[in-house]
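> Structure for this input, please:
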Amino acid sequence: MKAIALRDKKVDELKKIVLDLRKELFNLRFQASSSQLKNTARVRQARREIARIKTVLGEKFSANTQSVKGL
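Residues are numbered from 1 along each chain as shown. Have a look, this model is predicted:
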């Protein structure tokens, strides 16, 4: 998912997506350790998606605290 699309989502939605991706990443790591993982690139994709969402969450948090300081 692109960062532009993520910026349109609410914080609760983003947190749910991160939770789902972490569960998927856990399962992928488990499959990799037992040599059952077919798509090894998916581990990297999941890690990067989590990082992308956490970056957007940080931007939202930073923008929110700056608007509060301005008051």
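> what residue is smack in the middle of this structure?
Geometric centre of the chain, nearest residue: residue 50, 2.5 Å, by CA atoms, centre = their mean.
> measure that residue to residue 65 for me?
22 Å (CB to CB, to the nearest Å). C-beta: built from backbone N, CA, C; applies to glycine.
> Residue 44 now?
On the measure of CB to CB, residue 44 and residue 65 end up 32 Å apart.
> go on, residue 51?
From residue 51 to residue 65 the distance is 21 Å (CB to CB).
> For the residue nearest to the centre of the chain, pull up the helix or strand it's in.
helix 41-69 (DSSP states H and E).
> What of residue 25?
Going by DSSP H and E, residue 25 is in helix 11-33.
> Output the contacting helices and strands for that helix.
helix 41-69 (3 or more CB pairs under 8 Å, 6 or more residues apart in numbering; DSSP states H and E).
> For the helix it packs on, buried residues please.
43, 46, 49, 50, 52, 53, 56, 60 (16 or more other CB atoms under 10 Å).
> quick one: which of those residues is nearest residue 22?
The closest of the buried residues of helix 41-69 to residue 22 turns out to be residue 50 (CB to CB; 6.7 Å).
> any idea how far that closest one lies from residue 43?
For residue 50 relative to residue 43 (CB to CB), the value is 11 Å.
> Need the overlap of contacts for those two.
Common neighbours of residue 50 and residue 43, counting by CB atoms under 8 Å, 6 or more residues apart in numbering, are residue 25.
> if we can go back for a sec, so the residue nearest to the centre of the chain versus residue 3, what's the distance?
Taking CB to CB, one finds residue 50 at 13 Å from residue 3.
> And for residue 54?
Applying CB to CB to residue 54 and residue 3 gives a distance of 11 Å.
> Residue 23: neighbouring residues, count only.
11 (other CB atoms under 10 Å).
> Return the distance of it relative to residue 17.
11 Å.
> Residue 53 now?
On the measure of CB to CB, residue 53 and residue 17 end up 6 Å apart.
> so the helix holding residue 25 versus helix 41-69, what angle?
Going by axes from the mean of the first three to the mean of the last three CA atoms, to 10 degrees, helix 11-33 is angled at 150 degrees with respect to helix 41-69.
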